[in-house]
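Engineer: Structure for the following, please:
(4 chains)
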Number of protein chains: 2
Amino acid sequence: MTKPRIKTMEELSVAIGVSRPTLSRFFQDPSLVKKKTIDRIEEGLAQVEYVPNFFATRLNRKSTGIIGVIIPYLNDLFFTKLLESVEVAAMEAGLTVITQCSHSDPAIEARAAETFMSMNVDGALVAPLGDQSDQSALLRLKSRLPFVLMDSRPKTMPNIDFVGTNHAQSTGLITEYLCRVGEPPIFLAMPRVNFNAMERENAYIAKMEELGFEPQILGTRLRGDDWHFEDHGQAVLEAEFASGHLTERSILCANDRVAIGALHAAARHGLTPGRTAKGGLRIAGHDDYPLCPYLYPALTTVAQNTDAIGKKAVYRILQLIGGEISNDDPEITLFDGHLELRQSA
Amino acid sequence: MTKPRIKTMEELSVAIGVSRPTLSRFFQDPSLVKKKTIDRIEEGLAQVEYVPNFFATRLNRKSTGIIGVIIPYLNDLFFTKLLESVEVAAMEAGLTVITQCSHSDPAIEARAAETFMSMNVDGALVAPLGDQSDQSALLRLKSRLPFVLMDSRPKTMPNIDFVGTNHAQSTGLITEYLCRVGEPPIFLAMPRVNFNAMERENAYIAKMEELGFEPQILGTRLRGDDWHFEDHGQAVLEAEFASGHLTERSILCANDRVAIGALHAAARHGLTPGRTAKGGLRIAGHDDYPLCPYLYPALTTVAQNTDAIGKKAVYRILQLIGGEISNDDPEITLFDGHLELRQSA
DNA sequence: CTCTTAACTTTACGTGTGTAAAAAAAGGAC
DNA sequence: GTCCTTTTTTTACACACGTAAAGTTAAGAG
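Structural biologist: Predicted structure coming up:
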């Protein structure tokens, strides 16, 4: 059962009786080798245990076939969905994906960028931390290789390829919906960990003013240095409900995790938000977090098209890598969100 | 602002006026170089842009300083928590972590194992898919380098280093609790995607019999080929509640995601599980999924010590790498779970 | 000034593979 | 059997750095 292990292609070549360059060609593209030789190689390969050295192969190629992905945070199903989409798309394109997580630490994010540079990665897909990001590190990465931002786009780097959600549209959509079928909503902000937070706030304000309502924003006081969104939503609303406020209002949460905290606060006060309850409490979110359908009441929200974002990001980086497109002509792709009407609003 | 870019250490050495071997020593361990020289190098480094080539450095070292991690699934906060713990611990030990996700596909898992072998990774930490895993691929990986299993342990590989939860203890603990403060629970199984599913079932049965109650298991009929736990929990209980069954029972779910579905089914039928409601419906879970506190009612569960598991796995792999321990003397480490008493049971 | 030692430079080879050019072999048509 | 084409082998260099040995320089003590 335990086959003899062969470490180098050289050894393998003598074991099989084929020259090393032929083996090299075989591993890169078997179509470059005669079928009869292929058979002989595969036959030999079945007798032994051999894997080409990853580093040696990448060291000397024009293209490493690797793309680096940076995500800011792991314990958030939005990013895992996005990452899944990216990995699947990259796999189909025959690319190896190396993922690094920033763990909400700019220094780690910067180090990940360095790592990708030292790997001569073909391209980098980055969902940045946001405000806190080490901008210079990211810009250095961008100046060195094909680079696409995902999800959140720092203000200081506006002219860079970007794929994300059209928050003006998505937040506008649910704001408009809430206004149309009930009372105009108040906005429960999220900690301003990135620029999306502000974009959504602004989109809410714009849509409210467009419809002739007065925007009203809640929960901006908290410091924005952490990702404990549920706590934030719950804490803000607990305080309001406890003093008898907002119990019959419509509340649009900046994202679903804030909304999850909001729903919990409501439930603790015996409140059941719902779209059927006319004039009563309504709570809505943003993102379509995978657990939304299982909350009670199931959370009405705007879905981000994570799948499209991931696919497009990979597609775009492939274009940049292929040189089909000059990178001084950046493209901003914003996908629309769509309503997921459930029970809560 | 844009510094001249230097590609190789050779170029750098002439630019700074230090020999290349000295630079090599400097990058590996500055303490091997005189302070005065260090200053000169760092001064020169500040003037240019240079990063040592990742592949070239790893190619020729005895140790690559990399550990490979495989997780089965991304969109599950249990695994992201575990991964986070592993990454933090590895970072502190100065290791580079390369993570690959199996996306619940045995072929992808096997390919990840191959990749790690081709990288001459120092060691591999694997949370396997379970039943479906390509056992031979994992065994080949294990035979080649330090190898530690996490979370789930296939039956066919019992004699391998493993770090996980003591399910007999954890499931026993919550079973005992439920029996002590109320009606003996029925067990709502999870799709049998891995061996933990069976371990928990068996632990439940054993504890029930020990206490003199008759075990009763629900939801084993569904095919176990997917990870849609919430759907599973909801579907099973919807059917029961709809026909008026189980509405006053205690229900122990095999994991929290199943419990989330169960809670939702309960809510849809106007049922509010709770420990205070004597003789009434109770629902409990397993794992302490991060969202448990925000469900309504907040989910009572047994917490897995993901942090300890991740840390221990890294510690163990370091021991194996360091040769402090022979790998034909595997160690099975099982961490106890602890009760998280909340409202639901 | 000489000696000793630490620090550095020079030189050379190793890591496993990609790749190009020239030479040799294989295969097929006539 | 000869010629031509396709495939393979031979040879050689490249990739960027690790590492060891031998020789050179610098620094400090006496």
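
Engineer: Would you map out the domains in chain A?
Structural biologist: Chain A breaks down into these domains under automatic domain parsing: A:9-58, A:66-165+A:307-337, A:167-303.

Engineer: Strands of the stretch 101-250 of chain A, start to end?
Structural biologist: A:123-126, A:147-150, A:162-165, A:186-188, A:217-218, A:250-253 (DSSP state E, counting those that start in this stretch).

Engineer: quick check, the last one touching chain B?
Structural biologist: Think strand A:250-253. No: if you take Cβ under 8 Å from any Cβ of the partner chain as the test, strand A:250-253 misses chain B, and the best it gets is 12.7 Å. In this view, the C-beta of every residue, glycine as well, is placed from N, C-alpha and C.

Engineer: Mind giving me the packing neighbours of the helix or strand just after that strand?
Structural biologist: From strand A:250-253 onward toward the C-terminus, using DSSP states H and E, the following helix or strand is helix A:256-268. Contacts defined by 3 or more Cβ pairs under 8 Å, 6 or more residues apart in numbering or on different chains; DSSP states H and E place helix A:256-268 against strand A:186-188, helix A:229-242, strand A:250-253, strand A:282-284.

Engineer: hmm, 6 Å instead?
Structural biologist: helix A:229-242, strand A:282-284 (3 or more Cβ pairs under 6 Å, 6 or more residues apart in numbering or on different chains; DSSP states H and E).

Engineer: what's in contact with it?
Structural biologist: Residues outside helix A:256-268 that contact it (Cβ atoms under 6 Å, 6 or more residues apart in numbering or on different chains) are A:188, A:190, A:229-230, A:233-234, A:237-238, A:253, A:273, A:283, A:285, A:287, A:289, A:292, A:295, A:299, A:301, B:294, B:296.

Engineer: Kindly write the PyMOL command that selects the buried subset of these.
Structural biologist: Here is the PyMOL selection string for the buried members of these, based on 16 or more other Cβ atoms under 10 Å in any protein chain shown:
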select buried, (chain A and resi 188+190+229+230+233+234+237+238+253+273+283+285+287+289+292+295+299+301) or (chain B and resi 294+296)
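
Engineer: what does the stretch 201-345 of chain A have sitting close to chain B?
Structural biologist: Residues of the stretch 201-345 of chain A found near chain B (Cβ under 6 Å from any Cβ of the partner chain) are A:230, A:260, A:261, A:264, A:267, A:294, A:296.

Engineer: Could you rerun that using 10 Å?
Structural biologist: A:228, A:230-231, A:233-234, A:257, A:259-268, A:272, A:289-291, A:293-298, A:343 (Cβ under 10 Å from any Cβ of the partner chain).

Engineer: buried set for stretch A:331-345?
Structural biologist: For stretch A:331-345, the neighbour count (16+ other Cβ under 10 Å) marks A:333, A:334, A:335, A:337, A:339, A:340, A:342, A:343, A:344, A:345 as buried.

Engineer: which stretch among the helices and strands packed on helix A:256-268 comes nearest DNA strand D?
Structural biologist: Judged by Cβ to the nearest atom of the strand, the one of the helices and strands packed on helix A:256-268 that comes nearest to DNA strand D is helix A:229-242, at 41.7 Å.
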